[in-house]
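Colleague: 3D, please:
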Amino acid sequence: MPPTRRRVETLRRLHEAALAVFAAEGFGRASVEQVCERAGFTRGAFYSNFASLDELFLAMWADRSRALLDDLRRALEAADTAAVTTARDVVELVDAAVGVDDAWYRVTAEFTAHALRTPGLREVVAQREDAIAGTLTPVLVSFLRRVGREVPDPRALALALVAVHDGTTVQCLVEPDDPAARRRRLDLFEAVVLAYTTPGGDA
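Modeller: As a prediction, the model looks like this:
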């Protein structure tokens, strides 16, 4: 049974409040009470939906991943095929759809550190990352084929791109007004795509 409109709204407000609190206070210092106060709910409303802040974050992550995939699909579907002819063109499209989000990066970086200290949670995070990569990669592979690039090992490409995204996001956030940081990010993405693909595809 799909969730009621009221529950959807409750979850939306909890997610928005949690992101704001986690980003401002730090995941490790945030409390259920702070999230509830920000959302305008009681603790009962929180615990009727989530068992812990960990569970709330994982739900936020799932929602954000779905939204990212939708944005990426829309960007690729709306792209002018005649204007997108190289791996660099694909990289720029994907980067524009994914973007660099200061608040989300701070929250995910802290949650990842928390997960690494919690064996059971670490396994859940690894499974979620695999699922996200498994969903996003076919979209990217399909578009790369349109510009004449085959992907022999999609998983290896996905992991390499995630590594570049995480590392260059820090640089872009530390130097937000430096266009060279953004250019280096795109250059690295392009280099990885070319390194993990071969000529071929539909072009």
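Colleague: Just give the closest residue to the residue most central in space within the chain, not the sequence neighbours.
Modeller: Centroid-nearest residue in the chain: Ser65, 5.5 Å away (criterion: Cα atoms, centre = their mean). Closest residue to Ser65 apart from its sequence neighbours, by Cβ to Cβ, 6 or more residues apart in numbering: Ile132 at 4.9 Å. All C-beta spots, glycine's among them, are computed from the backbone N, C-alpha and C.
Colleague: before we move on, what about Glu16?
Modeller: Using Cβ to Cβ, 6+ apart, the nearest residue to Glu16 is Ala39, at 7.4 Å.
Colleague: Tell me who's in contact with that neighbour.
Modeller: 13-14, 16-18, 45 (Cβ atoms under 8 Å, 6 or more residues apart in numbering).
Colleague: In stretch 157-176, which residues are buried?
Modeller: By neighbour count on 16 or more other Cβ atoms under 10 Å, the buried set for stretch 157-176 is 157-161, 164-165, 168-169, 171-172.
Colleague: so how far is Ala180 from Val172?
Modeller: I think there's a mix-up here, since residue 172 is Cys and not Val. 10 Å (Cβ to Cβ, to the nearest Å).
Colleague: what do those two both touch?
Modeller: Joint contacts of Cys172 and Ala180 (Cβ under 8 Å, 6+ apart) do not exist.
Colleague: need the longest helix for the chain.
Modeller: helix 119-146 (DSSP state H).
Colleague: Number of residues surrounding the spatially closest residue to Leu159 that is not a sequence neighbour?
Modeller: Of all residues not flanking Leu159 in the chain, Ala133 sits nearest, at 7.2 Å (Cβ to Cβ, 6+ apart). Residues near Ala133, counting by other Cβ atoms under 10 Å, number 17.
Colleague: What of Thr112?
Modeller: Using other Cβ under 10 Å: Thr112 sits among 14 other residues.
Colleague: and if you look at Phe111?
Modeller: Phe111 has 21 neighbouring residues, counting by other Cβ under 10 Å.
Colleague: so it touches Gly28, yeah?
Modeller: No: at 9.2 Å, Phe111 does not count as touching Gly28 under the criterion of Cβ atoms under 8 Å.
Colleague: if we can go back for a sec, the residue nearest to the centre of the chain sits in which helix or strand?
Modeller: Element membership for Ser65 (DSSP states H and E) is helix 53-78.
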